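Q: Task: produce atomic coordinates for the following.
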Amino acid sequence: MNATPTVTSVRDDLIAEQDALDAVIGELDAEHWALDTPSPRWTIADQIGHLTYFDWTAALAITDPDRFTTNTAEMMSAMSDGAEDAMDAATLSDYRAMTPGDLCHAWRTNRGVLSEASASLADDDRVIWYGPSMGAKSFLTARLMEAWAHGQDIVDTLDRAGIAHAERPATDRLRHIAQLGFITHKWSYINRKMDPPTEPVRAELTAPSGAIWTFGPDDAADSIVGPAVDFCLVTTQRRHVDDTDLVVEGPISTAWMQIAQAFAGGATDGPTAGNF
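A: Below you'll find the predicted structure:
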């Protein structure tokens, strides 16, 4: 992970992250798939349905941009009534009708389609997406982040229910997510129609392997120091910063950690302190 990532290395890590989640869900009973997760209105099955849908549209964006554009327009039209669950209806309805076995098969199929499609990408390619187009490496990093973050919701649900499941240990694949979390600092403000701060922040994160990952200038007055996994949990809104071992110094860092959002879409709030 010390070398500069390539589209091939990010793709390999995406596949490994999907495999790690597959090991968790592969042997779950039907009643486990129906458990509510920390994401409002979503069960474990919905978490996998979400990944299944967007792995398919990600492959479509690579292989057939025109069809992706048409599909996106149809999805936005279906959501035009503004209902709270319109997005769920547009993206999850087909998967909610499936048995857990069929849904698991659908996810494996769609991520296989994405794997095949992404093998054609070069480092300097750009891929159409729901907002601005993305560089190929960033595009696949976002898919890796999604697999890990939604997988975290599933792992948290199973842990809280006391259900034995396959381990999903943290790995240095988190470097991709940590970097994404750091470079979306300003986005977290812009997404809330707030002026982003001009002062820099430094992050010094300890990788699962024990390596130290640093982001930002050495002389920044504000800093975030601690486990990389905790930084990833906060920036993907799976933990409140107060429920982690991160040491946050300075007003800019403190404010950012309250609103950090490494993913696209409307501004959302993560869990409140004390939930974990």
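
Q: Tell me, how many residues neighbour the closest residue to Met98 other than its chain neighbours?
A: Once flanking residues are discounted, Met98 sits nearest to Ala106: 6.6 Å by CB to CB, 6 or more residues apart in numbering. All C-beta atoms are positioned from the backbone trio N, CA, C, and that covers glycine. For Ala106, the neighbour count with other CB atoms under 10 Å is 19.

Q: contacting residues for Ile128?
A: Ala61, Pro65, Phe68, Thr69 (CB atoms under 8 Å, 6 or more residues apart in numbering).

Q: which one of those residues has the most neighbours?
A: That'd be Ala61 among the contacts of Ile128, by other CB under 10 Å, with 24 neighbours.

Q: Return the list of helices and strands in contact with the host helix or strand of Ala178.
A: Using DSSP states H and E, the secondary-structure element containing Ala178 is helix 174-183. In this structure, helix 174-183 makes packing contacts with helix 136-160, strand 201-206, strand 212-215, helix 228-235, judged by 3 or more CB pairs under 8 Å, 6 or more residues apart in numbering; DSSP states H and E.

Q: Mind putting those into JSON lines with mean pLDDT and mean neighbour count?
A: Converted to JSON lines, those look like this (pLDDT from 0 to 100; neighbours: other CB atoms under 10 Å):
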{"stretch": "helix 136-160", "mean pLDDT": "97", "mean neighbour count": "21"}
{"stretch": "strand 201-206", "mean pLDDT": "98", "mean neighbour count": "21"}
{"stretch": "strand 212-215", "mean pLDDT": "98", "mean neighbour count": "15"}
{"stretch": "helix 228-235", "mean pLDDT": "98", "mean neighbour count": "26"}
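
Q: Looking at these, which is nearest to Leu14?
A: Among these, the nearest to Leu14 by CB to CB is helix 136-160 (4.3 Å).

Q: Just the angle for that closest one relative to helix 228-235, thanks.
A: Angle, helix 136-160 to helix 228-235, by axes from the mean of the first three to the mean of the last three CA atoms, to 10 degrees: 90 degrees.

Q: Run the angle between helix 136-160 and helix 174-183 for me.
A: 110 degrees.

Q: Figure out how far helix 136-160 is from the centre of its chain.
A: Helix 136-160 sits 4 Å away from the centroid of its parent chain (CA atoms, centre = their mean, to the nearest Å).

Q: for it, packing partners?
A: Under the contact criterion of 3+ CB pairs under 8 Å, 6+ apart, helix 136-160 touches helix 7-25, helix 44-63, helix 100-118, strand 126-127, helix 174-183.

Q: Now render the ones you listed as CSV, adding mean pLDDT and distance to Pro196.
A: Putting the helices and strands packed on helix 136-160 into CSV (pLDDT from 0 to 100; distance: least, CB to CB, whole Å) gives the following:
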stretch, mean pLDDT, distance to Pro196
helix 7-25, 98, 26
helix 44-63, 98, 27
helix 100-118, 98, 31
strand 126-127, 98, 24
helix 174-183, 97, 12
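
Q: what's the closest of these to Leu92?
A: With CB to CB as the measure, helix 44-63 is the member of those nearest Leu92 (4.7 Å).

Q: which helices and strands does the helix or strand following the closest one pack with?
A: Counting by DSSP H and E, the next helix or strand C-terminal to helix 44-63 is helix 65-78. Counting contacts by 3+ CB pairs under 8 Å, 6+ apart, helix 65-78 packs against helix 44-63, helix 86-96.

Q: Not counting helix 65-78 itself, show me its contacts.
A: With contacts defined as CB under 8 Å, 6+ apart, helix 65-78 is touched by Thr57, Leu60, Ala61, Ala86, Ala89, Ala90, Thr91, Ile128, Tyr130.

Q: One more: stretch 164-178?
A: By CB under 8 Å, 6+ apart, stretch 164-178 touches 1, 5, 10, 13, 16-17, 20-21, 23-24, 26-28, 141, 144-145, 148-149, 151, 155, 158, 203, 205, 207-209, 211, 213, 215, 228-229, 231-232, 235-236, 262.

Q: Kindly recompute the last result at 6 Å.
A: With contact meaning CB atoms under 6 Å, 6 or more residues apart in numbering, stretch 164-178 is reached by 1, 13, 17, 20, 23-24, 141, 144-145, 155, 158, 205, 207-209, 228-229, 231-232.

Q: returning to that earlier point: just put the helices and strands packed on helix 136-160 in JSON lines and tack on distance to Asp195.
A: Conversion of these to JSON lines gives the following (distance: least, CB to CB, whole Å):
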{"stretch": "helix 7-25", "distance to Asp195": "32"}
{"stretch": "helix 44-63", "distance to Asp195": "31"}
{"stretch": "helix 100-118", "distance to Asp195": "36"}
{"stretch": "strand 126-127", "distance to Asp195": "28"}
{"stretch": "helix 174-183", "distance to Asp195": "18"}
